[in-house]
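K.L.:
From the sequence below, what's the structure:
(chains A and B)
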Amino acid sequence: MNTAVDIAGVVLKNPVMTASGTFGSGMEFSDMVDLNRLGAVVTKGVANVPWEGNPTPRVTEVASGMLNAIGLQNPGVDVFMERDLPFLEKYDTKVIVNVCGHTVEEYTETVMKLNDSSADMYEINVSCPNVKQGALAFGQDPKILEETVRAVKDAAKKPVIIKLSPNVTSISDMAAAAEAGGADAISLINTLIGMKIDINRRSFVLANKTGGLSGPAVKPVAVRMVYDAAHAVKIPVIGMGGIASAEDALEFILAGARAVSVGTMNFSEPLTTIKVIEGIEAYMERYGVEDVNELVGAVG
Amino acid sequence: MQGEKCIWSVGIGMKKKISAEIAEKRELAPDICSMVLKTELAEDAHPGQFIGVYPGDGSRLLMRPISICDADREKGIIRIVFRAGGNGTKDIASFSEGDRIDILGILGNGYDTAAAAAKKVILLGGGIGIPPMLYAAKELKKAGADCVAVLGYADNKLFLKDDFAAVCETLTATMDGSAGVKGNVLDAVRAHGVEGDIIYSCGPMPMLRAVKQYAAEKKMECFISLEERMACGVGACLGCVVKTKEKDHHTHVNNTRICVEGPVFAAESVNI
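P.N.:
Model (predicted):
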């Protein structure tokens, strides 16, 4: 039985990874999760310099999901390379470094610093809804997205995954723009912009007013968008959005995702990734599937 | 904060999510729920630390951070006392004795009770910040410290007061004046002329701000326990941060994680 998948020349032992921002650098969960089991660890976004992020409250729960407005707080790429990458090198898993920025130059500066590191791939966050200047703007206009991708690709010596925003009119157009700019793969969905109001205080629950919705509540939207995106491009698609079980992950794979990420459910059940990996294997056994790649996009 | 305060290293045990049996459940006052949990996590439990408790309803994804009110390492039990205020904590309070609930722990740093051994400690607890002070009082007494507890309540529903009185001198304040000194914990401290070397405090933010200022005026050491909305509890999501005076050693910005570097902080190290 083969569970390995190839994303732009990088072979993951299985299609299950962590979603950026929900798993730190892996270190925070390493007491509870054997990182060697994971197809890849996708790290929390890093920028060229440290970012303070948003004021608190930054997180709140909603029905079958949560809103977050962390604002991409991160220690900067230099600390990340000194502290977090060496930690991850000890494990037999692929490392995908999520990169954030306010400007094209900030993305390329970070990518160039990481070019000679042990990172296997980059995931470029052009879709964070919680950072005022830039970020999401790159991910909402197909022309700007294509130019941004091209600039990052010119700077990058490793494969580039572009993480797409669901907060757009046509996800197919955005996927096609990323591919046209030279992206090696796309990942989706980032969070959906939401809001929660405290009726007793008559104010916003989050200090940022709005936050990104994630968790099982978003899954049907995410599956649909992965399906649309997979039909718009030839490059690999990485699917995510509310995955809580192997069944959820398989929906994404059948819709066209070559790999999947577990995000919010890491908070609810730290062993979700492991359960998803084991569940996919059990499914393959049950249906006599020799190679997980046979399932990719098998529906539609 | 780098290298000076917050260097104690209690509770470095492995974190895990496990199921625990509710050995005992009582309502101490309206909406104030006490639960005794049978769990191996008790072995690593220190005063000031907390556990994450998951609601039973699976559509509520996130654990609720609840402070450890008491623990017995030998018996393997942890006691939590919490307010069933929101829907998540109401859900948790609806469990019965004998039920099993999922918990994540042990989380956070805790109070450095050993360092306070030869000192006089003033414990200031306000509202639902009272419970963690009980375990602190017990461990401080064991370590040989002299302590006095000053507890602030809304009214005369003086939950846990007798538990404290069995351990140390216990004074109370009530906002409505129905018991003890009328006013807050600092009003009671002043009224009774309470003096000491160190303050340990947990309570609502306005109280902690006042306590921080009081300690600064009196030039007393002061440690406060903070609360914030959390998602992961293990330092990954950066949801629960507090502004710091100095650059934080982990985040490299003036923000530190309450769930890992806290919830207990030297009062002067955080901007609250």
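
K.L.:
for chain B, what are the nearby residues on the stretch 1-150 of chain A?
P.N.:
A:21-24, A:28-29, A:31-32, A:44, A:50-53, A:56-61, A:63-66, A:68, A:70, A:73, A:75-76, A:79 (C-beta under 8 Å from any C-beta of the partner chain). Where you see a C-beta, it was placed from the backbone N, CA and C, and this is true even at glycine.

K.L.:
can you do 7 Å?
P.N.:
Residues of the stretch 1-150 of chain A lying close to chain B (C-beta under 7 Å from any C-beta of the partner chain) are A:21-24, A:28-29, A:31-32, A:50, A:52-53, A:56-61, A:63-66, A:68, A:70, A:73, A:75-76, A:79.

K.L.:
what's the pLDDT at residue 7?
P.N.:
Because you didn't say which chain, this covers chain A. At A:I7, the model reports a pLDDT of 98.

K.L.:
Actually, chain B is the one I wanted.
P.N.:
39.

K.L.:
Which among the residues of the stretch 1-150 of chain A next to chain B count as buried?
P.N.:
A:21-24, A:28-29, A:32, A:50, A:52-53, A:56-61, A:64-66, A:68, A:70, A:73, A:75-76 (16 or more other C-beta atoms under 10 Å in any protein chain shown).

K.L.:
sec struct for B:I66, please.
P.N.:
Following DSSP: H, G, I helix; E, B strand; the rest coil, we place B:I66 in the strand state.

K.L.:
give the contact list for it.
P.N.:
By C-beta atoms under 7 Å, 6 or more residues apart in numbering or on different chains, the contact list for B:I66 reads B:50-51, B:53, B:80, B:82.

K.L.:
Return the set of residues that bridge with it.
P.N.:
Beta bridges link B:I66 to B:I51 when assigned by DSSP bridges.

K.L.:
so what's A:A259 up against?
P.N.:
A:5, A:7, A:12, A:15, A:17, A:39, A:238.

K.L.:
nearest to B:E139, of these?
P.N.:
A:M17 (42.1 Å; C-beta to C-beta).

K.L.:
any idea how far the closest one is from A:I243?
P.N.:
Distance, A:M17 to A:I243, using C-beta to C-beta, to the nearest Å: 10 Å.

K.L.:
Those two: which has the busier surroundings?
P.N.:
Neighbours per residue, other C-beta atoms under 10 Å in any protein chain shown: of A:M17 and A:I243, the larger number sits with A:I243, 30 against 27.

K.L.:
Please list all residues in contact with residue 52.
P.N.:
Using chain A. A:E52 touches A:73, B:253-255, counting by C-beta under 7 Å, 6+ apart.

K.L.:
Sorry, I should have been clearer: chain B.
P.N.:
B:G52 touches B:63-65, B:103-105, B:107, B:233, counting by C-beta under 7 Å, 6+ apart.

K.L.:
just the buried members of those residues?
P.N.:
For the contacts of B:G52, buried by 16+ other C-beta under 10 Å: B:63-65, B:103-105, B:107, B:233.

K.L.:
How about the stretch 101-250 of chain A: which residue is closest to chain B?
P.N.:
A:G215 (5.6 Å; C-beta to the nearest C-beta).

K.L.:
residues in contact with that residue?
P.N.:
Applying C-beta under 7 Å, 6+ apart, the residues contacting A:G215 are A:64-66, A:242, A:264, B:61.

K.L.:
Check B:D197 too.
P.N.:
Here B:D197 is in contact with B:119-120, B:220-221 (criterion: C-beta under 7 Å, 6+ apart).

K.L.:
Could you do B:G76 as well?
P.N.:
B:G76 neighbours (C-beta under 7 Å, 6+ apart): B:38-40, B:42.

K.L.:
just B:Q49 next, same as before
P.N.:
B:11, B:68, B:106-108, B:110.

K.L.:
and those residues as CSV, adding secondary structure and distance to chain A?
P.N.:
Shown next, in CSV, are the contacts of B:Q49 (DSSP: H, G, I helix; E, B strand; the rest coil; distance: C-beta to the nearest C-beta, whole Å):
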residue, secondary structure, distance to chain A
B:G11, coil, 12
B:I68, strand, 19
B:I106, strand, 11
B:L107, strand, 11
B:G108, coil, 14
B:G110, coil, 17
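
K.L.:
quick one: which of these is nearest to A:P166?
P.N.:
Lowest distance from A:P166 to the contacts of B:Q49 (C-beta to C-beta) belongs to B:L107, with 32.2 Å.

K.L.:
give me the element residue 78 is part of.
P.N.:
In the absence of a named chain, this looks at chain A. Assessed by DSSP states H and E, A:D78 sits inside helix A:77-79.

K.L.:
other chain: chain B
P.N.:
strand B:77-83.

K.L.:
Who are the packing partners of the helix or strand following that strand?
P.N.:
Going down the chain from strand B:77-83, the next helix or strand is helix B:87-93, by DSSP H and E. Secondary-structure packing of helix B:87-93 (3 or more C-beta pairs under 7 Å, 6 or more residues apart in numbering or on different chains; DSSP states H and E): strand B:64-72.

K.L.:
what mean pLDDT would you report for the strand it packs on?
P.N.:
Averaging pLDDT residue by residue across strand B:64-72 gives 98.

K.L.:
That one vs strand B:77-83, what angle?
P.N.:
140 degrees (axes from the mean of the first three to the mean of the last three C-alpha atoms, to 10 degrees).

K.L.:
Just the CA trace of strand B:64-72, in CSV.
P.N.:
Output of strand B:64-72 as CSV, limited to C-alpha atoms (Å, rounded to 0.1, in the frame of the first residue of the first chain):
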residue,chain,number,x,y,z
ARG,B,64,-11.7,25.9,28.9
PRO,B,65,-8.7,26.9,31.0
ILE,B,66,-9.5,26.2,34.6
SER,B,67,-7.1,26.8,37.5
ILE,B,68,-6.1,24.0,39.9
CYS,B,69,-7.8,24.7,43.2
ASP,B,70,-6.2,21.8,45.0
ALA,B,71,-4.3,18.6,44.3
ASP,B,72,-3.2,15.5,46.1
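
K.L.:
What residues sit buried inside the longest strand that chain B contains?
P.N.:
In chain B, taking DSSP state E as the definition, the longest strand is strand B:16-29. Neighbour-count burial for strand B:16-29, counted by 16+ other C-beta under 10 Å, picks out B:17, B:20, B:22-23, B:25, B:28-29.
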